[in-house]
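Undergrad: give me the fold of what follows.
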Amino acid sequence: MSTSLAVELFRHALMTTFWVSLPILAIGFVVGIVISLVQIITSMQDASFGAVPRLAAFLFGILLLMPWMLNRMMTYTAGLFGDLGRYAR
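TA: This is a model prediction of the structure:
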């Protein structure tokens, strides 16, 4: 395996990881901003008030996006195994 092929394989793996994790991270970011604004408005600085809704949003996002995430990872894995002969050289 040449170095350019190894770099391409690593880049493709990182891009797939980025696109699979991006929606969940975006959900966490938006919910975190909303919860922070609510805490600022109400002057309630309880740690569980910020953590519980964020964790619930993560769980809901994972449950909602799981089929798309699995499809994306299966496409990557099928492509990787389909080109296995090219990488084994």
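Undergrad: least confident secondary structure element in the protein?
TA: The helix or strand of the chain with the poorest confidence is helix 84-88; it has a mean of 78 (mean pLDDT, DSSP states H and E).
Undergrad: so which elements touch it?
TA: Packing contacts for helix 84-88, counted by 3 or more C-beta pairs under 8 Å, 6 or more residues apart in numbering; DSSP states H and E, involve helix 3-42. C-beta: built from backbone N, CA, C; applies to glycine.
Undergrad: what's the first helix or strand after the helix it packs on?
TA: Using DSSP states H and E, the helix or strand that follows helix 3-42 in sequence is helix 47-82.
Undergrad: from the middle of its chain, how far away would that next one be?
TA: In terms of C-alpha atoms, centre = their mean, to the nearest Å, the centre of helix 47-82 is set 6 Å apart from its chain centre.
Undergrad: one more: stretch 44-51?
TA: 24 Å.
Undergrad: so which bits of it are buried?
TA: By 16 or more other C-beta atoms under 10 Å, the buried positions in stretch 44-51 come out as Gly50.
Undergrad: mean confidence for stretch 63-81?
TA: The pLDDT scores in stretch 63-81 average 94.
Undergrad: hmm, back to that, pull the CA atoms of the least confident helix or strand of the chain into PDB?
TA: Extracted in PDB, the C-alpha atoms of helix 84-88 (Å, rounded to 0.1, in the frame of the first residue of the first chain):
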ATOM      1  CA  LEU A  84     -10.000  -4.600   0.000                       C
ATOM      2  CA  GLY A  85      -7.900  -6.000  -2.800                       C
ATOM      3  CA  ARG A  86      -6.600  -2.600  -3.700                       C
ATOM      4  CA  TYR A  87      -5.500  -2.000  -0.100                       C
ATOM      5  CA  ALA A  88      -3.900  -5.400   0.400                       C
END
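Undergrad: please renumber the chain so that the first residue is 662 from this point on.
TA: Shifting the count to begin at 662 puts that one at helix 745-749.
Undergrad: give me the residues contacting that helix.
TA: With contact meaning C-beta atoms under 8 Å, 6 or more residues apart in numbering, helix 745-749 is reached by Met662, Leu666, Leu670, Leu741.
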